[in-house]
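> Here is a sequence together with a model predicted from it:
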Amino acid sequence: MNALRVVSVLLVSLILAGCASSRSGDVYSRDQARREMIVRTGIIESVREVSMEGTKSGAGTIAGAAVGGVAGSTVGGGKGHIVGAIVGAVLGGVAGSAIEENFTKKNALEITVKLDGGQLIAVVQEMGEYFRPGERVRVLSGSGSSRVTR
């Protein structure tokens, strides 16, 4: 059972590590530091709460399969150990994948902005700042991504 505990701790650690990343308008990655961004201004047209899907890194699948395999191998005797381990690994992998995705799912905002030039754009970002229609904002764009900020 010691192996089961070690694998369980590993599973939780991997899943929690996937939560560290943020897609909020307030958080910059190291790669975004010291990079020029284009700044446009505009007015919020609408704000809608949406869900941002969770990560699918495979870590949850691997950890779940390991836990399931160890747990399944304790079932039965003889060849039953092997069958139990295989079935446990498959079920654990499916469960681990679902847990990882669900655990890393984020609440987000779809922010529609009418830029000063008349163009209408929408940006989805993790919840952080909340915006109201009619509010004046900045849209920062660069390296293929954009964020809305005050």
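All right, it came through fine.

> now for the strand of greatest length in the chain, which elements pack on it?
Looking across the chain with DSSP state E, the single longest strand is strand 38-52. Judged by 3 or more CB pairs under 8 Å, 6 or more residues apart in numbering; DSSP states H and E, strand 38-52 is in contact with strand 106-115, strand 120-126, strand 136-142. Yep, even glycine has a C-beta here, placed from its N, CA and C like the rest.

> what's the closest of those to V50?
strand 106-115 (5.0 Å; CB to CB).

> partners of that closest one, with directions?
Pairing partners of strand 106-115, with direction, according to DSSP bridges: strand 38-52 (antiparallel), strand 120-126 (antiparallel).

> Please put the alpha-carbon coordinates of it into PDB.
What follows is strand 106-115, C-alpha atoms only, in PDB (Å, rounded to 0.1, in the frame of the first residue of the first chain):
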ATOM      1  CA  LYS A 106     -11.500  28.200 -15.000                       C
ATOM      2  CA  ASN A 107     -14.200  30.800 -14.900                       C
ATOM      3  CA  ALA A 108     -13.600  33.400 -17.600                       C
ATOM      4  CA  LEU A 109     -15.100  36.500 -19.200                       C
ATOM      5  CA  GLU A 110     -15.900  37.100 -22.900                       C
ATOM      6  CA  ILE A 111     -15.300  40.800 -23.200                       C
ATOM      7  CA  THR A 112     -16.600  42.600 -26.300                       C
ATOM      8  CA  VAL A 113     -14.900  45.900 -27.000                       C
ATOM      9  CA  LYS A 114     -15.800  48.600 -29.600                       C
ATOM     10  CA  LEU A 115     -12.400  50.100 -30.400                       C
END
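
> what's the angle from it to strand 136-142?
With axes from the mean of the first three to the mean of the last three CA atoms, to 10 degrees applied, the angle from strand 106-115 to strand 136-142 works out at 100 degrees.
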